[in-house]
Structure formats: structure tokens, C-alpha cells
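> compute the structure for the input listed below.
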Amino acid sequence: MPGPLLENLRGTRTERRPVWLMRQAGRYLPEYRELRASKGGFLELVYDSEAASEVTLQPLRRFDFDGAILFSDILIVPHALGQDLWFEAGEGPRLAPPLVDGAWQKLEKAFHHFDPVYRTVELTKAELSDEVTMLGFIGSPWTVATYMVAGQGSKDHGATRALAYRDPQAFQSLVDAIEAASLEYLIGQIDAGAEAVQLFDSWAGSLSPAQFEKWVIAPNARLAAAIHEARPGVPVIGFPKGAGAKLPAYARETGVDAVGIDETTDPVWINGELPPEMPVQGNCDPMQLLAGGEALEAHARAILDAFSERPHIFNLGHGIDKTTPIDHVHHLLRVVRG
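Alright, predicted model coming up:
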């Protein structure tokens, strides 16, 4: 029998409100910091299947979460497409060569980078009870493209936005390549044991409405349709961070099974804008969790009340901050669990 997280993703509201937290496996846990230090670097940890599985399982030993989210990174896809990938200490990811002209065709594909991630899913799924849902993920094409074009993260994604305006044909070709690789990667995760998948469009909020339709809604719609056709019954969660007023259109037009909302979205407003049967995930502010206290309780209860009449997965509006006290997570779970 599926656990409450999977039931809600399939459209059935359960008495137990399911909960998992984005980045629940990571730097706020001392056991994670210890293991990462022993591996020498982030990418080494991701590609060590046994270690990555251990990281995925670590938060489940501490907390009563209903989902295990694969420990990996959204930039595995550009690495598999042939860009060099490394992480600079204190500065984040780097990709080379930057694709400022969108020309990815000269890259040499390295899809073997997917294999250890599939193994991580297999190892983790074997350790989970039937009540805990195994979640896979990718970065959506627009978000991944912002890193591939700039060669690193950026504040306004200016180089990528400019390329999309200046040479939409070249940028479409890059998006198509990311989309095809992402689909293969997601199918591999599902076949390895992922029971649901999330499409992280972390930088969707930087686009104009017309560009949002073209570079966020359209590729995510194609991915959701392809997953539903290839692996029927596997729910797809779409998370377009920063979408704001464009979120209802995303929910209607992409065909995702559930929509994730960030902390800037009013839960009462979006509850009224979405189809009543559509599952929603979110949207506790990570900084409210960091702060804790009675305000955290009030914030969490307001979210629970807003979505009390629809399938709802309690989560953060984005990833948990690395300085979040562990006791605050326990406190949040006591509120959600009643």
C-alpha cells in the first residue's frame, strides 16, 4: 500500500499530512558534514553511490519524513552532456566551456555519469519502508541552461536571457538537448526505484511572461507528457520557483500532477486559483524555520489551514538553510503532525 505522500500526489487527501523538506539531506546535519569531509568534495560524494545513499537516508533516521529525496545535483545533466563540472569552495558550481552562444554540439556526451545516481536510487529504495516514498528529480531545462550558458550561477541570468532573445533557434537547440537528456535520466531514476519525480525550475522567476511560456511551461509540459507516457502512474511534481502570478498557468498548461509553491506565494490565494483536486506542495519559509519559535507554529498552521481541503504535501518554499537548528525541524514536525 502506498504511503501518504504518494497517495496525495495521486490526488487522495489523507488524514496524515505528508511532509518532506527540500534539501533535507545536507549541511544542517552533522553526520552529513562528517561524511562529506571524508569524501573530499561534493561531486565525489554524489558519484559514490553508497555514500550518496547514506546521505539520502540520514534525515529519515532523525525525522518522521514521508519522502526520501535523492541526494544528487541538478548539474549532473550538463556533466553528462559533456561540460566539465566542478565545485569551487565557498563559490559554488563551475561548468566549462560556458555556452554563451548556445552551441552545445561540440561537447562529447558522457551519459555514464547517470549510472552511479541510478545505483544510489536502487540502494536507497531497498532500505525504505513502503510508507516512505522515494523521490527522484532533475533541474528543469531553463534552470539548467542558465548554468550551462554562464558556466556558473548568476544573479539575473542575463547571459542566458540575452541568448534566448538574440538567437532563439540556438537556445531552443540547447533546451532540446537538456530536455532529451533529462527525460532519459528521469526514466532511469524511475526504473531504479523512484516512485515520483520533481522538476526543479529554481530560476523560473527571472523570465517575462512570454519567455516563461516558451522556456518554462513548454519544456516542462513536454517532459511531464513524456514521463506519463513512458511510465504511467508515476507522479510529476513541478516546482517553478518565483513564478508568482504565472503559477496558475503553469499548473494548468504543463500537465504536472502536483505543483510546488515557494514561500513568496500566498497559500490562500493560490488555493483559490488552482483546480480543487490538484495536489499542492509547500510552502513554509526556510527563514521562518531557521528562526523557529511561536511564529513558526503560526506560520505552519496557516499553511495547513489554507490547504486543508485538497491533497497537500507540507514542505518548504525552497531548500532548508544550512544553519537551521535540528530542534526547529523537530518542532515543525510536531506542529504538522498535530
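> quickly find the element holding residue 253.
helix 247-254 (DSSP states H and E).
> rounded mean pLDDT for that helix, please.
On average, the pLDDT along helix 247-254 is 97.
> that one packs against which elements?
helix 218-230, strand 236-240, strand 258-260, helix 267-273 (3 or more CB pairs under 8 Å, 6 or more residues apart in numbering; DSSP states H and E). Using the backbone N, CA and C atoms, a C-beta is placed for each residue, glycine as well.
> change it to 7 Å
Other elements packing on helix 247-254 under the criterion 3 or more CB pairs under 7 Å, 6 or more residues apart in numbering; DSSP states H and E are helix 218-230, strand 236-240, strand 258-260.
> quick check: next helix or strand after the helix or strand encompassing residue 136?
Assigned by DSSP H and E, residue 136 belongs to strand 133-139. Going down the chain from strand 133-139, the next helix or strand is helix 141-150, by DSSP H and E.
> give me the angle between that next one and helix 218-230.
Taking axes from the mean of the first three to the mean of the last three CA atoms, to 10 degrees, one finds helix 141-150 and helix 218-230 inclined to each other by 120 degrees.
> hmm, back to that, name the residues of the helix holding residue 253 that are buried.
247, 248, 249, 250, 251, 254 (16 or more other CB atoms under 10 Å).
> centre of the chain to it, how far?
In this view, helix 247-254 has its centroid 17 Å away from the chain centroid, taken as CA atoms, centre = their mean, to the nearest Å.
> related to what we said a few turns ago, kindly reformat the buried residues of helix 247-254 as CSV containing distance to residue 17.
Shown next, in CSV, are the buried residues of helix 247-254 (distance: CB to CB, whole Å):
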residue, distance to residue 17
247, 21
248, 23
249, 27
250, 24
251, 20
254, 25
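> let me know the closest of these to residue 112.
residue 254 (30.3 Å; CB to CB).
> contacting residues around the closest one?
217, 220, 221, 224, 238 (CB atoms under 7 Å, 6 or more residues apart in numbering).
> next up, the contacts around the first one.
Read that as residue 217. Counting by CB under 7 Å, 6+ apart, residue 217 makes contact with 249, 250, 253, 254.
> hmm, 10 Å instead?
142, 201, 204, 238, 240, 243, 246, 249-255 (CB atoms under 10 Å, 6 or more residues apart in numbering).
> I'd like these laid out as a markdown table, including distance to residue 57.
Output for the contacts of residue 217, formatted as a markdown table (distance: CB to CB, whole Å):
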| residue | distance to residue 57 |
| --- | --- |
| 142 | 31 |
| 201 | 27 |
| 204 | 30 |
| 238 | 26 |
| 240 | 29 |
| 243 | 32 |
| 246 | 36 |
| 249 | 37 |
| 250 | 32 |
| 251 | 32 |
| 252 | 36 |
| 253 | 36 |
| 254 | 31 |
| 255 | 32 |
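> one step back: among the contacts of residue 254, who's most crowded?
Compared across the contacts of residue 254, residue 238 has the highest neighbour count, 28 neighbours, by other CB atoms under 10 Å.
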